[in-house]
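Trainee: Quick one, fold the following:
(chains A, B, C and D, ligands or ions: 4)
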Amino acid sequence: MLLKTFDPLKGKQLRIMDENGEIVDEKNMPELTDDQVVEAYKYMLYARQVDLKAVAYQRMGRLFTLPPNLGQEAAAFGSAYALDKKKDWMVPAFREMAAWLYWGATAKDLYLYWAGSEDGNVTPDDVNFMPSAVPVASQVPHAAGLGYSIKYKGTDQVVITYFGDGGTSEGDFHEGMNFAGVFKLPVIFFCNNNQYAISVPRRMQSAAKNLADKAIGYGMPGIQVDGNDFFAVYAATKEAAEYARDGNGPVMIEAETYRRGYHTTSDDPTKYRTAEEEAEWEKKDPLIRMKKYLEKKGLWDDDKENDYVKHAKKDISAQFKEVEEYPRTSLEQIFKYMYEEMPDILKKQKVEMEKYLAGKEGR
Amino acid sequence: MLLKTFDPLKGKQLRIMDENGEIVDEKNMPELTDDQVVEAYKYMLYARQVDLKAVAYQRMGRLFTLPPNLGQEAAAFGSAYALDKKKDWMVPAFREMAAWLYWGATAKDLYLYWAGSEDGNVTPDDVNFMPSAVPVASQVPHAAGLGYSIKYKGTDQVVITYFGDGGTSEGDFHEGMNFAGVFKLPVIFFCNNNQYAISVPRRMQSAAKNLADKAIGYGMPGIQVDGNDFFAVYAATKEAAEYARDGNGPVMIEAETYRRGYHTTSDDPTKYRTAEEEAEWEKKDPLIRMKKYLEKKGLWDDDKENDYVKHAKKDISAQFKEVEEYPRTSLEQIFKYMYEEMPDILKKQKVEMEKYLAGKEGR
Amino acid sequence: MAVMNMVQAINSALDFKLKDDESVVVYGEDVGLEGGVFRVTEGLQKKYGEKRVFDTPLAESMIIGTGVGMAAGGLRPVAEIQFSGFIYPGFNQIISHVSRMRNRSRGTITCPMVIRAPYGGGVRALEMHSESLEAVYGHIPGLKVVMPATPYDAKGLMIAAIEDNDPVMFLEPKKVYRAIKQEVPEDPYRIKIGKAKIAQEGEQITVVAYGAMLRTAQQGIAKAKKDGISVELIDLRTIFPMDTDTIIESVKKTGRILIVHEAARSFGVAAEIMSLVNEEAFLYLEAPPTRLTGFDTIVPFPMGEDLYFPDADRVYHHIKKVVEF
Amino acid sequence: MAVMNMVQAINSALDFKLKDDESVVVYGEDVGLEGGVFRVTEGLQKKYGEKRVFDTPLAESMIIGTGVGMAAGGLRPVAEIQFSGFIYPGFNQIISHVSRMRNRSRGTITCPMVIRAPYGGGVRALEMHSESLEAVYGHIPGLKVVMPATPYDAKGLMIAAIEDNDPVMFLEPKKVYRAIKQEVPEDPYRIKIGKAKIAQEGEQITVVAYGAMLRTAQQGIAKAKKDGISVELIDLRTIFPMDTDTIIESVKKTGRILIVHEAARSFGVAAEIMSLVNEEAFLYLEAPPTRLTGFDTIVPFPMGEDLYFPDADRVYHHIKKVVEF
Ligand SMILES: Cc1ncc(C[n+]2csc(CCOP(=O)(O)OP(=O)(O)O)c2C)c(N)n1
Ligand SMILES: Cc1ncc(C[n+]2csc(CCOP(=O)(O)OP(=O)(O)O)c2C)c(N)n1
Ligand SMILES: [Mg+2]
Ligand SMILES: [Mg+2]
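Mentor: Ligands and ions are numbered 1, 2, ... in the order given. Got it, this is the predicted structure:
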């Protein structure tokens, strides 16, 4: 129903909760218990702490370059929360931390990755989770392929893949969407339109009025939602998941949000945007409005917030400590995962290096 | 005006002349003199003779594999004829022969190419013509780049690029269209939707209702025309060219046509389509309807047709003879055009081979 | 035993694996209904259905990229790229994902995928239809690169490739497709990836070739034989991981080596082999390792291709040169 | 003369060519307003306007493919790819068009384009940000491949690259970007593409390096010097067309050669150099040509990268090994 009524070509965007935490579209408010809404808020708050801490650790030189998530928690979490993490597939880009954490990645995994270990990519066995995809939009065809494998096996799964506004310009976005459209695969293509691809603003990325307009070129429904509104993101993704699970094919969702922080910790946003713009989007922050909503409903207050943040910080610090004590990558590990069985030519290179290292020790 | 009224999203297709050569849309009939219409028909008829002869020569083993154009003459010629060949740029795929011939390529050039010589790619100095692009859709970004150079220099030119229904699936189609949209470049993206990409039918290529629907994703107008109707193709391209030349940006045109012949001379269409389907499209042939139109207007008859075809065949045979007498590619030519100045490493390889060849002669 | 050409042999391997393993899917442009432009997949869609053998839209990055996803989802994708000259749009998927998924995920997600493509020239084909970029794939860590020379090998290597839990680039010499017939068992068998084959034993010089050049090498060797030159011929079969031992052992015996390939010379496969020989058999060398290859030029259109591709005469000429050094 | 790092030196070259030649355009992801993620194009958009120095949508095949069109339209495109690990989506344009347009059109349409990209590792970067695929570009006929090692060279080579009427892959060692400062003339000058430089004369062994590895080699050589080993160091500068003569002359003098690169070993640049030495200086060799390179593995994430990249100690170790052979 949402997919039909909120046609982006007609300039419609789904928004359920406004910036003051008021519900402005009761009719489309998703069915969630108070507990669930509180749980959602806690997840987003936790993700934000992990994110803020990551930036702080990076600034101290204890992590390498990383991409902050500030301001995009609702889009990431709201979409993931609408799926079944014990069953469905998540195919991430690199800036949907709240979704990752919900899906089963830990702060430790994330920090380990940014500390420079491939081990950060290892996720629990019981969830379906692809590693982060660094080449922009290159994960989109993977999601389509996963969709094919699901349709092939007839299992009751859905795939969600994430990409940015910049990602929509890559050929892989196009080719992956097109494949999913042709084969009517159960895939949700979720665009985190955070208004920038590094310094390049959304309007330079495409002349399309809305990125969700692109869906029509692949014969699939597209919907644009207020990406800082947890309820809108959740409702749209929920419906998209049902639609896809029922065999109707893929859906594209464009979540309008804003990267409040740096592109990565090597970036300086003041080069390409104004403080006014940042301030305006700060007001639209997804956590601020969710907190207001919860407060009005009597489900949350500053004390609870402080307690929870304190708890989160403690938990996060403990995980970070594990990362700092993590052993460096060994030569063995560099070679071990290249092939199922190590070819002779790799063995030789490894042995040669081991001998060299041993000789060096010996000296 | 056409671009506004014939919105493909509303299921509209521009058709001016029907299969019986009747004008069914007087209002949009382009302003062309009788002489021009006869000229157009002659060009298409000539192109068809070049094409039929090519297939015949190939069947005799006198040309290598080549892609027949049968049935697509109106789309190719009508679009090219709407531009200014002394000024505008043509960026071809490989199946728009009538356009190439109009633009200044000769039957000899085409045959030379299919006889296996790069020299077939050399076109007259006074026209703007890229060589045929074999990797599907890879020419689309070239057209966008040419559009950029035109806008940069402020010259009054337009670029037309051709691609097939299959071509719309490639990432390069997407990336090139997107670039042209963002920079509002004077480029006409002309899709020859001939219903097949080798054996793969149009419906397997994309779930989009119409290929022209894809234009909206790039913020440019899209229009679908009856590609076997010379007048519709001409009118739409004419308007698109004016639109682009006036600085309004790119346009996508989808011409619905049909590849009546083989994909290439190595192909066997009976594997993937029915005789009924072929017969149905034969009735829609662009030359048949154009001839009917001209006959009704008293501008053409069977005698004229026979005379013209005879003349064309003679001309074509003469050109083919030149190709058959054309010297084989020399070693010199293989090396000569690699770089402006031949690097030593290439010189060495060339000399080594020359010595070998000389030695062989000597024996 | 049946007599098969390479097209039939590969078809037979695909047929076996489709029957044998439900997770195998075969797909690409025109591979379904039509059976591929070279008919390598002919009849398979009819036999196994449209879900397992299917046509895709025209997009190579998608063909390869969806394979990564299918593999993660538990399938064994066997993707056809219509000509090796059209793999390039899919390079990013190959380099960034196909070859890296196992390592990136520390073995938790693998990519047991086969990317098949007809490669190489000498068949008077269109532009971009005669390329040979095996050295490039060989340089990408995480891939295996297989190039069969005969119908028999093609079948055994293809079955092994599909069963391999790592990604395999399977480059098929289109020149050989229908040019050679051979007895090929109808039953399945495997040929180990990473093992070269001594196609002919000899004493005075080692010749290394693969794919379509094997036959060219054999023809050149036949001429050398008339001069009484005893040649050991190695069919490389796998470009990476290369069977260094077989090459080195042979060179230690003969002291001389000629490598033949049709790909461009600079940074080609021959260079790697020459280097390995330097590293492991330097003191055995009686003549400089030598290569006979394509030029560092673009493969000419058909009217020039005979000048480009190594032929039997040139192989013979080079064998003599190396032996007489 | 000013003191510049490599970022400034390249910026100075671009600045000069933008001023000097109206047909030059500089573009890519973030190169306009922001001046590039490494700030190589900083200030240029302000100076030359948005038409000449501009940001593009995020799409590498488009960045390279539109350059082919711009060049045909009479411009001289200088495209930046943000990291060399992201060139791959544009491979088809490079292989099928950039490198072929001149030959395909018999010289009537050329592609005087420069594709700039920071390459290489050792800077604790993210995944896919440490690659080095120069051997692949070297294997593609029709390209020139340039890899400067110093600020001075970077400027002179960049001006030459932009003025070259053939396409140039210009790979910039990001490790060097801000690590070395040097006197660099503010006036324009050219360094010939295709010429190597003897960075240091010596007698006992030839070491060949390029890009970021030049400095590593120099550090290793400094250690060897303490042992009294006299090393001739060649800075390759251009990967293709390679300056064979300079290498061969040096090896004829020293009889020994060590090649150092950070790229994967198999099918790498060292293999080509070893082969050339075999072909042209075989009888002068007193030890097997030797290579010190990255492994045939994926470049590890930062926690493992020190084990992967050749360092001064390993250069020293290998020099000794070759000299003591
Ligand atoms: C193929 C490719 N090109 C360039 C980059 C460098 N890069 C990393 S993120 C980024 C911008 C991505 O923008 P968007 O898709 O909007 O995602 P966001 O960063 O805003 O989350 C760029 C250019 C890359 N990672 N991959
Ligand atoms: C990148 C690429 N992939 C595959 C091919 C092989 N091929 C040549 S033409 C063709 C079909 C093209 O279909 P379409 O774009 O509809 O054009 P048409 O042939 O119908 O004119 C294919 C698959 C190619 N030339 N380039
Ligand atoms: Mg963004
Ligand atoms: Mg078609």
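
Trainee: Can you dump the C-alpha atoms of stretch A:314-327 in CSV for me?
Mentor: Extracted C-alpha coordinates of stretch A:314-327, given in CSV (Å, rounded to 0.1, in the frame of the first residue of the first chain):
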residue,chain,number,x,y,z
LYS,A,314,31.6,0.9,29.6
ASP,A,315,30.7,-2.0,27.3
ILE,A,316,32.3,-0.4,24.3
SER,A,317,35.5,0.4,26.2
ALA,A,318,35.8,-3.2,27.2
GLN,A,319,35.5,-4.3,23.7
PHE,A,320,38.0,-1.8,22.5
LYS,A,321,40.4,-3.0,25.0
GLU,A,322,40.2,-6.5,23.5
VAL,A,323,41.0,-4.9,20.2
GLU,A,324,44.0,-3.2,21.5
GLU,A,325,45.3,-6.4,22.9
TYR,A,326,44.6,-8.3,19.7
PRO,A,327,47.6,-10.0,18.1
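
Trainee: residues near residue 39, how many?
Mentor: I went with chain A, as the question did not name one. Burial of residue A:39 is recorded as 14 neighbouring residues (other Cβ atoms under 10 Å in any protein chain shown). Heads up, the C-betas are built off the backbone N, CA and C, glycines and all.

Trainee: my bad, the chain I had in mind was chain C
Mentor: Neighbour count for residue C:39, taken as other Cβ under 10 Å: 17.

Trainee: What residues does the stretch 101-250 of chain C have near chain B?
Mentor: Applying Cβ under 8 Å from any Cβ of the partner chain, we find that the stretch 101-250 of chain C lies next to chain B at C:124-129.

Trainee: So residue C:148 lies in a helix, does it not?
Mentor: No - with DSSP: H, G, I helix; E, B strand; the rest coil as the criterion, residue C:148 is coil rather than part of a helix.

Trainee: For ligand 3, see how far away the closest residue to it other than its chain neighbours is.
Mentor: Once flanking residues are discounted, residue C:148 sits nearest to residue C:154: 3.9 Å by Cβ to Cβ, 6 or more residues apart in numbering or on different chains. Distance of residue C:154 to ligand 3, given as Cβ to the ion, to the nearest Å: 47 Å.

Trainee: Hmm, residue C:11 and residue C:154 touching each other?
Mentor: No - using Cβ atoms under 8 Å, residue C:154 makes no contact with residue C:11, being 9.9 Å away.

Trainee: who has more neighbours, these two?
Mentor: With neighbours defined as other Cβ under 10 Å, residue C:154 and residue C:11 compare such that residue C:154 has more, 33 against 23.

Trainee: how about the residue most central in space within chain A, what does it touch?
Mentor: For chain A, residue A:96 is the residue whose C-alpha lies nearest the centre (Cα atoms, centre = their mean; 1.8 Å). Counting by Cβ atoms under 8 Å, 6 or more residues apart in numbering or on different chains, residue A:96 touches A:69, A:72, A:75-76, A:80, A:162, A:192.

Trainee: Which one (most neighbours) among these?
Mentor: Greatest neighbour count in the contacts of residue A:96, by other Cβ under 10 Å, goes to residue A:75: 36 neighbours.

Trainee: Tell me how far the nearest residue to residue A:119 once chain neighbours are set aside lies from residue C:170.
Mentor: Closest residue to residue A:119 apart from its sequence neighbours, by Cβ to Cβ, 6+ apart: residue A:112 at 5.6 Å. To residue C:170, residue A:112 is 36 Å away according to Cβ to Cβ, to the nearest Å.

Trainee: Likewise for residue A:239?
Mentor: If you go by Cβ to Cβ, the gap between residue A:239 and residue C:170 works out to 43 Å.

Trainee: coming back round to it: go through the contacts of residue A:96 and flag which are in helices.
Mentor: Here DSSP state H is the test, and those give A:75-76, A:80 as lying in helices.

Trainee: Turn those residues into a markdown table, columns for pLDDT.
Mentor: Converted to a markdown table, the ones in helices among the contacts of residue A:96 look like this (pLDDT from 0 to 100):
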| residue | pLDDT |
| --- | --- |
| A:75 | 98 |
| A:76 | 98 |
| A:80 | 98 |
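
Trainee: Residue A:329 - nearest residue in space that isn't next to it in sequence?
Mentor: Nearest residue to residue A:329, sequence neighbours excluded (Cβ to Cβ, 6+ apart): residue D:304, at 3.0 Å.

Trainee: any idea which element the one you found lies in?
Mentor: Residue D:304 is part of helix D:302-308 when elements are defined by DSSP states H and E.

Trainee: looking only at pLDDT, what's the mean for that helix?
Mentor: For helix D:302-308, the mean pLDDT works out to 96.

Trainee: got it, and stretch C:194-211?
Mentor: Stretch C:194-211 shows a mean pLDDT of 98.

Trainee: still on that earlier bit, relative to ligand 4, which of the ones in helices among the contacts of residue A:96 is nearest.
Mentor: Closest approach between the ones in helices among the contacts of residue A:96 and ligand 4, by Cβ to the ion: residue A:75, at 38.7 Å.

Trainee: which residues does that closest one contact?
Mentor: When contacts are counted by Cβ under 8 Å, 6+ apart, residue A:75 touches A:96, A:190, A:192, A:227-228, A:233, A:255, A:257, A:286.

Trainee: Out of those residues, which is nearest to ligand 3?
Mentor: Closest to ligand 3, out of all of those and judged by Cβ to the ion, is residue A:192, at 6.6 Å.
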